[in-house]
Every structure is written in structure tokens, then in C-alpha cells.
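Participant: Give me coordinates for this.
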Amino acid sequence: MTTLDLDFVRQQFPAFSEPNLQGWAFFENAGGSYACGQVIDKLHRYYRQTKLQPYGVYPASARAGQEMDESYRRLAGYLNVEEDEVHFGPSTSQNTYVLAPAFRGGWDEGDEIIVTNQDHEANSGAWRRLEKTGIVVREWRIDPDSGELDPAQLDNLLNDKTRLVVFPHCSNVVGHINPVAEIAAKAHAAGALVAVDGVAAAPHGLPDIQAIGADVYLFSLYKTFGPHQGLAVVRRHVMEQLTNQSHYFNAAYPRKKITPAGPDHAQIACASGIADYFDAVYAHHFADEVDAAERGRRLHKLFREAEQARLAPLLDFLKARSDVSLLGPADPIVRAPTVSIQTHKRPSSFIARELAEHNIMANSGDFYAVRPLEGMNIPLNPGVLRMSFVHYTTDAEVTQLMEALDAVL
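Facilitator: Residues are numbered from 1 along each chain as shown. Down below sits the predicted model:
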């Protein structure tokens with residue numbers, strides 16, 4: 001099969017069978033996607049059968065550790081990295097706030113980092129705080145009209161003191177997909193590392209980390225059909241440079257070195273359900289057997305094609321209106337289906353409430369993307385209306401959204 005079988009896909013998500021959600025169209029996936037049944041089943045089983053300290057000598061404890069290890073291994077395969085390069089934490093924000101001082105411990109005063117004003121604050125604030133410790137922070141700014149980052153402008157910021165370039169794979173309000181491989185190549189040529197916020201990009205297909213060249217890649221599992229955990233890929237050559245953020249006796253253990261709070265056993269164990277879901281979708285659409293990295297690449301293409309087909313009419317609908325302004329590009333090929341608009345006649349908060357009367361789940365505000373909104377001169381109050389979806393969204397739901405918007409606007 002060359003097109004996504006939506007009936008099969010939606011059968012994997014219990015939410016679509018829940019009576020209280022019938023008739024509702026979910027357009028707030030950028031805030032958190034529905035969990036697939038494979039994840040829910042594994043979490044339920046873990047709490048029933050192995051909710052105890054893992055990695056012990058007795059069978060239930062050993063099984064708990066094995067299920068956690070499976071998540072590291074299976075997700076590493078889909079991301080095309082090694083198992084020991086995958087790390088789980090309470091959230092992407094928390095992971096970033098741990099990584100920043102871990103990097104700082106290996107830098108000298110006067111070393112430089114580059115941040116953007118396109119990021120969600122989770123991948124901006126923690127790094128900017130390092131300025132108080134003697135690190136020079138340079139800002140790569142978005143175009144105030146398009147909200148996009150120009151890679152050519154990065155050349156003016158890189159120098160022999162640059163240690164790290166921090167930027168988003170995709171903004172959670174602008175939606176434009178940045179050319180990560182191109183940016184990473186520029187940074188590496190200057191001797192710098194790159195840390196990429198993939199929270200708004202990973203829900204549309206997990207990236208091939210080796211292909212895009214990220215040294216650190218962060219995203220949220222609860223936005224990729226899984227539990228409320230953050231996943232951080234930290235390549236081995238980077239982990240060797242980081243200072244220990246855990247108990248002193250854990251310094252030699254990479255999995256513990258940047259997890260000071262300790263792991264959430266149950267949520268890590270059930271995260272392999274995401275890989276189970278991907279495996280099921282792959283087997284339904286493709287006949288051959290390939291490794292997880294190749295399955296991930298093919299699913300990424302399958303998901304993106306399905307999303308682009310549904311995104312195009314929504315973008316055309318919004319472009320034709322004079323009472324809204326679209327943030328980011330109007331081309332579905334170069335953006336994610338995270339669509340934010342500035343409303344001109346009625347505040348976005350009013351529009352969101354009215355959309356709920358039409359069984360549309362969407363929301364308004366700044367979505368912690370304060371810096372990009374300020375960079376585009378958009379008032380934080382009321383902010384923007386954001387409508388976001390992933391590959392399981394149907395044509396009928398997009399039509400429902402457009403009809404509701406037409407009635408409300």
C-alpha cells in the first residue's frame with residue numbers, strides 16, 4: 001500500500017472509540033497526541049504485574065528491567081542511534097534544564113552558544129541562563145514577517161568560540177521545518193555541536209538522527225503517541241563531554257548521569273508500545289522486512305504525505321480569508337500541520353471557545369512560544385489560535401474544522 005490506511009491507523013487508538021469523544025475533532029495534537037493502544041496496554045500491564053524496583057534478581061523485578069531495556073533498544077532503532085544514546089526524563093523542559101549545566105561544566109568563561117528566538121521556551125530559557133555563568137549567548141533571530149530562520153544568517157554568528165548551536169527542528173507556532181542537516185553541517189564546520197528541539201517535528205515522523213546530524217535531539221513521547229516522558233538523544237561523543245548531574249557515584253553510568261530524579265520505570269517500560277504501533281503500521285502497509293531505521297524512514301514519508309494532503313486545503317482556506325493572518329509558510333511541503341493564525345476581528349480566545357461549540361478541540365494563547373510571537377510583533381494577549389494535527393486526522397475532520405471556522409469567524 002502506498003497511501004496511509006486511516007481506518008487501520010485509527011483502530012490502534014482507543015480514544016477514537018470512546019463515547020465521550022465521538023463527534024469531536026481533535027486539533028490540539030501539538031499539545032499532546034492521543035496514546036496508541038499498545039502503549040496503554042503495556043502501562044496497564046506494568047502497573048498490574050511489575051510495579052516494583054526493576055533490575056532485581058527475582059522474576060518480576062527482572063522482567064520490569066527487561067521491559068525498560070526494550071524501550072531503550074526499540075526506540076533507538078527507530079531513531080537510528082545506539083541504545084545507550086537514548087535517555088528518558090520527566091519532560092523535554094526538564095531534560096533541557098539538566099543538559100544546560102551538564103554542558104556548562106566543560107566550557108570556559110567566554111565560550112559562546114547560539115540560540116534562536118524561534119524556539120519554545122523549553123529549548124531557549126535554560127541555555128540563555130548560562131549567560132549569568134560567563135557564557136556569551138548570541139541570538140539567531142527570525143524574520144519578523146515570515147517567522148522563519150535564515151541559515152545564511154548563522155554564518156555571521158559562528159566563530160571559533162562557538163561551542164553549541166541550539167535551534168528547533170520546527171517551531172510550535174510557525175510550523176516551518178528547518179533544514180537541520182544543513183544547519184548542523186555549518187555548526188560542525190565551525191567546531192560547534194548542535195542541540196535540536198524536535199518536540200514539534202517528531203509527532204510527524206521520528207527523525208533519522210544520523211542523517212540529520214544532530215548531536216542532541218529532544219522530543220516529548222506524549223506528543224508521539226506515548227506516555228508523559230521526554231526523550232533525549234545524546235550522542236556518545238557528547239555524553240563524554242558532559243559533567244555529571246546525578247549522585248556522585250553515578251558519574252560512570254551514562255543512563256544515570258543526566259537523570260538526577262531517577263527514571264519513571266512504568267512510563268519508560270510502556271514507551272516500547274510506540275515502536276509496537278509503528279511496527280504494526282509498517283507491517284500493514286509494506287510487505288518486506290527491513291531494519292527499524294528503514295521502517296522509520298518509510299513511515300515518516302507515509303505520515304507526512306497523509307498530513308500534507310489534509311493540510312493543503314486548510315492552508316488554502318486560511319489564505320483566502322482577510323480576517324486572519326497565517327503564521328509561517330503556506331506551502332504544506334515545507335511545514336508541519338501545526339497551524340497558527342492571528343485573528344483580526346475577534347480575539348483568538350473567543351474563537352477557541354466558539355469552536356468548542358462546534359465540537360472542535362483547539363486552543364489559543366502563546367503556547368510558551370513567547371519569543372517567536374514577540375519577534376513577529378504579535379501581542380501575547382490574546383496570542384494566536386493554534387490548530388494542529390497528525391497522521392490519524394481525517395479529511396472529514398479537516399472539513400469540520402473549516403466549516404466551524406467559517407461559522408465562527
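Participant: Show the pLDDT at the most centrally placed residue in the chain.
Facilitator: With distances taken as CA atoms, centre = their mean, residue 199 lies nearest the centre of the chain, 1.6 Å away. If you check residue 199, the pLDDT there is 98.
Participant: got it, and residue 1?
Facilitator: So, for residue 1, pLDDT stands at 55.
Participant: can you check residue 142 too?
Facilitator: In this model, residue 142 carries a pLDDT of 98.
Participant: and what of residue 257?
Facilitator: For residue 257, the model assigns a pLDDT of 95.
Participant: so it touches residue 251, yeah?
Facilitator: Yes - with contacts counted by CB atoms under 8 Å, residue 257 reaches residue 251, the gap being 6.3 Å. All C-beta spots, glycine's among them, are computed from the backbone N, C-alpha and C.
Participant: between those two, who's got more neighbours?
Facilitator: residue 257 (21 against 13; other CB atoms under 10 Å).
Participant: how close does the more buried one get to residue 250?
Facilitator: Shown here: residue 257 relative to residue 250, a distance of 6 Å by CB to CB, to the nearest Å.
Participant: what's the distance between the residue nearest to the centre of the chain and residue 248?
Facilitator: 31 Å.
Participant: Now do the shared contacts for residue 257 and residue 251.
Facilitator: Shared contacts of residue 257 and residue 251 (CB atoms under 8 Å, 6 or more residues apart in numbering): residue 244.
Participant: can you map out the strands along this structure?
Facilitator: 25-26, 86-89, 112-116, 136-140, 162-168, 193-197, 216-220, 230-234, 324-326, 338-343, 360-361, 363-365, 384-388 (DSSP state E).
Participant: what touches both of residue 257 and residue 250?
Facilitator: With CB under 8 Å, 6+ apart, residue 257 and residue 250 have common neighbours residue 244.
Participant: residues touching the residue nearest to the centre of the chain, list them.
Facilitator: 92, 120, 122-123, 168, 172, 218-220, 223.
Participant: Just the closest of the residues you listed to residue 182, please.
Facilitator: residue 168 (14.4 Å; CB to CB).
Participant: partner residues bridging that closest one?
Facilitator: On the basis of DSSP bridges, residue 168 is bridged to residue 197.
Participant: Surely it touches residue 118?
Facilitator: Yes - look at residue 168 against residue 118 with CB under 8 Å: they come within range, at 5.8 Å.
Participant: sorry, back to before: how near is the residue nearest to the centre of the chain to residue 50?
Facilitator: Relative to residue 50, and taking CB to CB, residue 199 is found at 29 Å.
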